[in-house]
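Student: Give the three-dimensional model of this entry:
(2 chains)
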Amino acid sequence: MRPCGIFDERYTQDMAIIRTKQHWAALVGALIFIYLFPLFGSYYLVSFMNNLFITIIVVLGLQIVSGYCGQISFGQPAFMAVGAYASAILTMKAGLSFWLALPLSGIIAGVFGIIGGAPSLRIKGFYLAIATIAIHFVTMWLILHLKITGATQGLNAAPPEIFGYALDTDERMYYLIATVMLIMTFGARNLVRSKAGRALVAIRDNDLAAEVMGINLFYYKLLAFFISCLYAGVAGSLFGHLIMVVHPEQFTLTHALWYLGMIIIGGMGSIPGAFFGVIFVRVLDELVLFASPFLSNAFPWLGASPAAALGISAFGLVLIIFLVFEPRGLAHRWEIFKSSYRLYPFAY
Amino acid sequence: MNEFLQLLTSGVMEGSLYALLAASIVLVFKSTQVASLAHGQILAFGAIFLYFFLGSLQLPLIVALILAFAATALLGLVIERTTLRPLIGQPLFSSFLVTFAVFMFFDGIFQLIVKGGTLTLPHFLPKGTLHLGYLSIPTGEFCSFLVALLLFALLALMFRYTKVGLGLRASAENHQLAQSTGISVKQIFSIIWVISSLVACVAGIATAHVTDIYYTLPQMGIKGLIVGLFGGLDSIPGALIGGIILGIMENLSAGYLDPVVGGGMKEVAAYVMLLLILLIKPYGLLGLVRIERI
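Tutor: As a prediction, the model looks like this:
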């Protein structure tokens, strides 16, 4: 919906993502906020933002394969692990530079994703979801039992260097992660309104009709898996180099449930939805973390450190509420708000 | 050969518990078309309830068992009422997702109760070991196996001969037709959740009796789904066969492959098996084949 009085006179105007002055102001404001954040944010907040940005990259990938293409995947943490391990092996064992290993690990994870997404050609819906759970466990088992991945020891990952300047703290990594996140967001936003994005949506809405229209299901489903795993791989690589150690315990099925929950809460099939979902869930988690000492004092039977368990419960509860009352997620509410804001004096 | 037979029997014993859990998932899927991940939690909470009534409150065994069954049935009913009933009419996939949200919600509570450790159920089944030739079977496991078989027989009888069973089968076939013949489909949904919760509760108590209530117990729900898929999600005999095959596969791969590849085969065998079955026969061994293009 266009704001009142804004008319698209040229094709470029029609296709622009950023149309109005308010858009530009919001974009510049957000960029300034993101890039100046470490100057006034505490160390804790900066590392929180690092995790937030990495999660956003993963969830954007999941949004493409699950939200846009409709192939529900629980495999995202496994592909993240593939990316993290690929990056650690490439930098530490093969001696590549991090700047080469980052895109390479994304591509390696993407190729794994094509293998992992192969079942989607034969099964769909709930069966595919369970198959991706199986893929997760098989991948993690392989990682735990291969020599090159360091088995239960995990691998070390050195911090990346730029012009001899090591990005070895959370503040220094922050700029890299924020930049990669912005590039990935830009990529995702443009992908979903390209020919490929429209094909993915068509497959989600009705795969049979899509095929009849001449969309190659084989190609586009695997493309969706490739892109989503590329996102996961890049996020995994950043994550590994951020905390400098890669370990199988960091990539569990529970993470897959969290990511999937984030796109449900944010809204399936929406790029801003990925942001809303991640921010909502992460902030909720932090609130539970803050509240848990008080709760633990008030109710001693909760035990000394109920934060993790309470966080899972709160997340499950919020997810139930969203699925029952607002299955289209926060993004839908945002669209409603936007259209009523643009039409403000009038009802429609 | 002896080792093989021993692995085979313990596989069958373990498999019967998987089969019970799978049966509870299959029951729900058959009549409501919802594949439930929440049954892992219902199973775990069945065991927790029994632990609470038998271990903490020291009630007599029969009373504790009845109370535990009642509490689990209530849990199943509440889950159905609050989360699944509002979603009738929505895409089936959101029902699947809501069961996983229920799983997460109860997982937090379960972790609060267990606190990362284990709770040991008081042993109420006979102790000791049965010796059949050169086979040795713990009596407790054997009893659970018998109970599982008995429960399967009861389920089959219920579906075959009672009026409720007839209603369940009718609404499994077609909701609208069942509704038009005077069966209250909503009531059927509630009944099926109660029955499947009871079955899951028995599976939970039997499992906890063998392995204690450890903090990963709810994850058995995923195994139950796998067994259900393997046997076919709408086939109760499929659940029995699938469960026993999974138990045997796990034990055989743990016995023979672990020394070769270095451990952990028991966990991954189920998933490898699942991937194979999904690629070869997506609707399971005995499942109803729906013809559709993908």
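
Student: which residues of chain A fall in strands?
Tutor: Using DSSP state E, the strands of chain A run over A:155-156, A:161-162, A:165-166, A:245-246.

Student: Burial-wise, tell me which of those strands comes out on top.
Tutor: Highest mean neighbour count among those (mean count of other C-beta atoms under 10 Å in any protein chain shown): strand A:245-246, with a mean of 22. For glycine as for every other residue, the C-beta is placed from the backbone atoms N, C-alpha and C.

Student: Show the average pLDDT along that one.
Tutor: Across strand A:245-246, pLDDT averages out at 83.

Student: helices or strands up against it?
Tutor: Under the contact definition 3 or more C-beta pairs under 8 Å, 6 or more residues apart in numbering or on different chains; DSSP states H and E, strand A:245-246 sits against helix A:76-92, strand A:155-156.

Student: is chain B contacted by the first one?
Tutor: No - with C-beta under 8 Å from any C-beta of the partner chain as the threshold, helix A:76-92 lies outside contact range of chain B, at a closest distance of 11.3 Å.

Student: Based on its surroundings, how many neighbours for residue 63?
Tutor: Picking chain A for this. For A:Gln63, the count of nearby residues is 29 (other C-beta atoms under 10 Å in any protein chain shown).

Student: I was after chain B.
Tutor: Residues near B:Val63, counting by other C-beta under 10 Å, number 12.

Student: could you measure it against B:Phe53, distance?
Tutor: 7 Å (C-beta to C-beta, to the nearest Å).

Student: ok, now B:Gly228?
Tutor: Distance, B:Gly228 to B:Phe53, using C-beta to C-beta: 29 Å.

Student: Might you list the low-confidence residue ranges for the chain?
Tutor: Using chain A. Residues of chain A that meet the criterion pLDDT under 70 lie in A:1-4, A:149, A:151-152, A:164, A:300-305.

Student: wrong chain, I was asking about chain B
Tutor: Ranges of chain B meeting pLDDT under 70: B:116, B:125-126, B:128, B:261-264, B:290-294.

Student: The top helix by length along it packs against which elements?
Tutor: Identified as the longest helix of chain B according to DSSP state H is helix B:2-32. Applying 3+ C-beta pairs under 8 Å, 6+ apart, one finds that helix B:2-32 contacts helix B:39-50, strand B:135-138, helix B:139-161, helix B:163-173, helix B:185-211, helix B:220-231, helix B:236-252.

Student: quick one: buried residues of that helix?
Tutor: B:6-32 (16 or more other C-beta atoms under 10 Å in any protein chain shown).

Student: Repeat that for stretch A:112-121.
Tutor: Quick answer for stretch A:112-121 (16+ other C-beta under 10 Å): A:Phe112, A:Gly113, A:Gly116, A:Gly117, A:Ala118, A:Pro119, A:Ser120.

Student: Grab the nearest non-local neighbour of the fourth one.
Tutor: Distances taken as C-beta to C-beta, 6 or more residues apart in numbering or on different chains put A:Phe225 closest to A:Gly117, at 2.9 Å, once the chain neighbours are dropped.

Student: export the helices and strands packed on strand A:245-246 to JSON lines and tack on distance to B:Leu146?
Tutor: Putting those into JSON lines (distance: least, C-beta to C-beta, whole Å) gives the following:
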{"stretch": "helix A:76-92", "distance to B:Leu146": "39"}
{"stretch": "strand A:155-156", "distance to B:Leu146": "49"}
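
Student: Would you mind finding the most buried of these?
Tutor: Highest mean neighbour count among the helices and strands packed on strand A:245-246 (mean count of other C-beta under 10 Å): helix A:76-92, with a mean of 28.

Student: Centre of the chain to it, how far?
Tutor: Relative to its chain's centre, helix A:76-92 lies at 16 Å (C-alpha atoms, centre = their mean, to the nearest Å).

Student: Give me every residue in the stretch 101-250 of chain B that's in contact range of chain A.
Tutor: So the stretch 101-250 of chain B meets chain A at B:101-109, B:111-112, B:115, B:222, B:225-226, B:229 (C-beta under 8 Å from any C-beta).

Student: Report the buried members of these.
Tutor: Here, 16+ other C-beta under 10 Å leaves B:101-109, B:111-112, B:222, B:225-226, B:229 buried among those.

Student: For A:Ile57, give me its contacts.
Tutor: A:Val180, A:Met181, A:Met184, A:Tyr231, A:Ala232, A:Val234, A:Ala235, A:Leu238 (C-beta atoms under 8 Å, 6 or more residues apart in numbering or on different chains).

Student: Near chain B, list only the ones from these.
Tutor: Counting by C-beta under 8 Å from any C-beta, no member of the contacts of A:Ile57 is near chain B.

Student: how about the residues you listed in JSON lines, adding distance to B:Phe49 and neighbour count?
Tutor: Shown next, in JSON lines, are the contacts of A:Ile57 (distance: C-beta to C-beta, whole Å; neighbours: other C-beta atoms under 10 Å in any protein chain shown):
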{"residue": "A:Val180", "distance to B:Phe49": "49", "neighbour count": "19"}
{"residue": "A:Met181", "distance to B:Phe49": "46", "neighbour count": "24"}
{"residue": "A:Met184", "distance to B:Phe49": "47", "neighbour count": "21"}
{"residue": "A:Tyr231", "distance to B:Phe49": "43", "neighbour count": "31"}
{"residue": "A:Ala232", "distance to B:Phe49": "39", "neighbour count": "35"}
{"residue": "A:Val234", "distance to B:Phe49": "46", "neighbour count": "28"}
{"residue": "A:Ala235", "distance to B:Phe49": "41", "neighbour count": "31"}
{"residue": "A:Leu238", "distance to B:Phe49": "45", "neighbour count": "28"}
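
Student: Which single one of those is nearest to A:Ile135?
Tutor: Closest approach to A:Ile135 among the contacts of A:Ile57 (C-beta to C-beta): A:Ala232, at 12.5 Å.

Student: wouldn't that closest one be in contact with A:Ala84 here?
Tutor: No - look at A:Ala232 against A:Ala84 with C-beta atoms under 8 Å: they stay out of range, at 9.5 Å.

Student: Name the nearest residue to A:Ile265, ignoring sequence neighbours.
Tutor: That would be A:Gly277: by C-beta to C-beta, 6+ apart, it lies 4.5 Å from A:Ile265.

Student: What's the separation between the one you found and A:Phe48?
Tutor: 16 Å.

Student: Those two - which one has more neighbours?
Tutor: Shown here are A:Gly277 and A:Phe48; by other C-beta under 10 Å, A:Gly277 has more neighbours (32 against 17).

Student: quick one: the more buried one and B:Pro91, what's the gap?
Tutor: If you go by C-beta to C-beta, the gap between A:Gly277 and B:Pro91 works out to 19 Å.

Student: In space, what's closest to the residue minimising distance to the centre of chain A - neighbours in sequence excluded?
Tutor: Chain A has A:Val59 as the residue nearest its centroid, 1.8 Å off, counting by C-alpha atoms, centre = their mean. The shortest distance from A:Val59 to any non-neighbouring residue, by C-beta to C-beta, 6+ apart, is to A:Ala274 (4.6 Å).

Student: Quick one: residues contacting the one you found.
Tutor: Neighbour list for A:Ala274: A:Ile56, A:Val59, A:Leu60, A:Leu62, A:Gln63, A:Gly67, A:Ala188, A:Met262, A:Ile263, A:Gly266 [criterion: C-beta under 8 Å, 6+ apart].

Student: Check these and tell me the two furthest apart.
Tutor: Using C-beta to C-beta, the contacts of A:Ala274 span at most 14.6 Å, a distance reached by A:Ala188 and A:Met262.

Student: higher neighbour count, these two?
Tutor: Comparing A:Ala188 with A:Met262 by other C-beta under 10 Å, the one with more neighbours is A:Met262, at 28 against 22.

Student: nearest residue to that one other than its sequence neighbours?
Tutor: Nearest non-adjacent residue to A:Met262, counting by C-beta to C-beta, 6+ apart: A:Gly277, 3.7 Å away.
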